[in-house]
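>>> Can you look at this prediction? I've put the sequence above it.
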Amino acid sequence: MAAAPNFDAIEMQPGQKAEWITKPDPSEVVGCPPGLEYLTQVDQILVHQIVEIFEAITNIEMKNKYAIKNSLGQQMFYAFEESSFCHRFWCKQGRGLDIHVVDNEQKEVMKIVRPFQCCAGCCWCADTDCCSFVIQVEAPPGNIIGYGKQTKSWWYPHLDVLDADKNSIMKIRGPCCFCQTVCCRCDIDFKVMSNDLKDELGVIQKQWSGCIKECFTRADHFGMTFPKDLDVKAKATLIGVLFLIEFMHFEQQNNSG
């Protein structure tokens, strides 16, 4: 496992230290994977990729780092990528990776595993496992609580949110266009739907970060909403799906910029 970062050195922006939310009392939360107690209190999270100055200057892909915050901007978790340089250089958005999610005590509370799949990506063929992007969510690490999986569609991106037994519990329906430019500053919504597609439960949203950040950095910003009473394991799995969407649709866009 990759070493946890030095939290004292983490900065959301140059000169600005991260403000961490107070950790809930684990004894007051029943049936929650240890370390994910924060998620019981929220119906919205923000995921901000931390700007890598070296990457912005050199165009060399670095390991991604993210702050996961509540709607007030208080940080709940810090997430960082573990992957090989060769995968980042040659496979780019299709690379295999692990994302380690740690709390303010530098304890790893969740791991998101994305295997390398050389033939995956085409939405027309995603009904076949070898052609479908998938992500596995573990909390605590080693204990699988859910999966996110690309599913077959003809144009619009479709994903399934699965429980630990690979039963579908929610579905994601995305837009046909992922364009964000100076002339097209709208946010991009991926709707979180009930399993029967009758109810919209929330949204995963790629947010417009502003002209300078979008044009000159590769740092993506996301927001996500879901029912506050949704099972914690399902909320954690949705975080994994958010990262799957990031690498499927927006990492490639940034790399080509």
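Perfect, I can see it now.
>>> Could I get the full set of helices for the stretch 51-200 of the chain?
Assigned by DSSP state H, counting those that start in this stretch, the helices in the stretch 51-200 of the chain fall at 53-58, 85-86.
>>> which of those has the lowest average pLDDT?
Lowest mean pLDDT within the helices of the stretch 51-200 of the chain: helix 53-58, at a mean of 56.
>>> Let me see the contact set for the closest residue in space to residue 115 that isn't next to it in sequence.
Distances taken as C-beta to C-beta, 6 or more residues apart in numbering place residue 96 nearest to residue 115, at 5.4 Å, with adjacent residues excluded. The way it works is simple: take the backbone N, C-alpha and C, and place the C-beta from them, glycine included. By C-beta atoms under 8 Å, 6 or more residues apart in numbering, residue 96 lies in contact with 83, 87, 114, 115, 116, 117.
>>> Which one of the residues you listed sits in the busiest neighbourhood?
When neighbours are counted by other C-beta atoms under 10 Å, residue 114 leads the contacts of residue 96 with 23 neighbours.
>>> re the thing from before, pick out whichever of the contacts of residue 96 sits closest to residue 202.
Ranked by distance to residue 202 (C-beta to C-beta), the contacts of residue 96 are led by residue 114 at 22.1 Å.
>>> Residue 168 - how many residues pack around it?
13.
>>> What segments of the chain are strands?
Along the chain, counting by DSSP state E, strands occupy 11-13, 16-17, 44-49, 65-69, 75-82, 97-102, 108-114, 134-138, 144-151, 158-163, 168-173, 188-194, 200-207, 221-225.
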